[in-house]
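**Student:** Predicted coordinates and the sequence they were generated for:
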Amino acid sequence: MKNLILSIVLLLSLTLSVQAAGLSASFLTEQVANVDGTNAIAFRLGYYLGAEEGGLEPFLGTDWRPNWNEEGEMDPPSVLAFGVINHFTDLVDSENKLPLIPDFFLGFLNEDVEIRPYIGTQFSINFPRKDAGFMGGLAGIKVRVYPKDRVLWLFEARYDDVFDALSAIPDNQLNAYFGLCYPF
């Protein structure tokens, strides 16, 4: 764990010379097949460090599972999360250096559409609730349909390992999330 935190700090310090694009707020909901599932509502507040070609975005957030028990308490509880997302360049851009991928998308999408993939990791911060936590990875895409759109669509897949009080949540499976991102 100590090596992971040291690696994150090192990555963040390497990006300090890069132009920062600013704050972003993201709201996501877990997409589940049944209504009675313990689906999550997630909120993230991030700070993008990068340029048009991509960059890192450290974030603070929370995953809330509005599932109340008989005593009127949340079961499982809400937890705070810290993570880092690595953004990549636009897949639809005709000047993208990836072979065949921009040509594939440009065959049926307008060049004004932006599709930016990202990968990242996140883990819980346990000081509000020491007996609940999770850690895992995430991958997704941010989609901007029109160049003047302020809000981006998020499609994300997460693989989380949960422990202690969150053990009621099915873990070690791939979960789908959908949401919106508003860059300031």
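**Tutor:** It's in.
**Student:** which ones are touching residue 174?
**Tutor:** Neighbour list for residue 174: 157-159 [criterion: C-beta atoms under 8 Å, 6 or more residues apart in numbering]. No exception for glycine: its C-beta is placed from N, CA and C like everyone else's.
**Student:** Also residue 136?
**Tutor:** Contact partners of residue 136, counting by C-beta under 8 Å, 6+ apart, are 121-123, 158-161.
**Student:** low pLDDT regions in this structure?
**Tutor:** Low-confidence segments of the chain (pLDDT under 70): 1-20, 33-38, 52, 67-69, 72-77, 94-110, 126-132, 165-168, 170.
**Student:** Helices along that one, start to end?
**Tutor:** Under the criterion DSSP state H, the chain contains helices at 2-14, 101-106.
**Student:** before we move on, the earlier item: kindly indicate the member of the contacts of residue 174 with the most neighbours.
**Tutor:** Neighbour tally across those (other C-beta atoms under 10 Å): the maximum, 22 neighbours, falls on residue 158.
**Student:** Now that residue. Nearest residue, chain neighbours left out?
**Tutor:** residue 138 (4.6 Å; C-beta to C-beta, 6 or more residues apart in numbering).
**Student:** Tell me, how many residues neighbour that neighbour?
**Tutor:** 19.
**Student:** And residue 23, by the same measure?
**Tutor:** As a burial measure, residue 23 scores 14 neighbours (other C-beta under 10 Å).
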